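> I need the structure of the sequence given here:
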Amino acid sequence: MKKWEYVTVPLLTHATKQILDNWGEDGYELVQVVPGPNPEQLVAYMKREKR
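Have a look, this model is predicted:
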C-alpha cells in the first residue's frame, strides 16, 4: 500500500506556474487548488509518495 505526504502551498496568481513547477520538481503532484484568504491568492494542495 502506498503512503503519501501532503503540503499546502500558497499560490500568487502572477507566479502560479513557477511555484507549481518548483514543487513538481520535488516530486509533488497537484491535488486541488482552492481560494485563499484574499483575491490575489490561491492555496494548492499537493501530494507525493512517501520515501
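> how much distance is there from stretch 18-26 to the middle of the chain?
Centre-to-centre, stretch 18-26 and its host chain are 8 Å apart (C-alpha atoms, centre = their mean, to the nearest Å).
> for stretch 25-44, same thing?
On the basis of C-alpha atoms, centre = their mean, stretch 25-44 sits 5 Å off its chain's mean C-alpha point.
> What's the end-to-end length of it?
15 Å (C-alpha to C-alpha, to the nearest Å).
> Which residues in that stretch does the neighbour count mark as buried?
Under the neighbour-count criterion of 16 or more other C-beta atoms under 10 Å, stretch 25-44 has 28, 42, 44 buried. Every residue, glycine included, has its C-beta placed from N, CA and C.
> Now do the first one, the pLDDT please.
The one in question is residue 28. Note for residue 28: predicted pLDDT of 98.
> My guess is it contacts residue 45. True?
No: applying C-beta atoms under 8 Å as the test, residue 28 and residue 45 come out as separate, 9.8 Å apart.
> picking that back up, quick one: which of the buried residues of stretch 25-44 is nearest residue 8?
residue 44 (7.1 Å; C-beta to C-beta).
> How about the closest one, nearest residue that isn't a chain neighbour?
Residue nearest to residue 44 in three dimensions, not counting chain neighbours: residue 9, with 4.5 Å by C-beta to C-beta, 6 or more residues apart in numbering.
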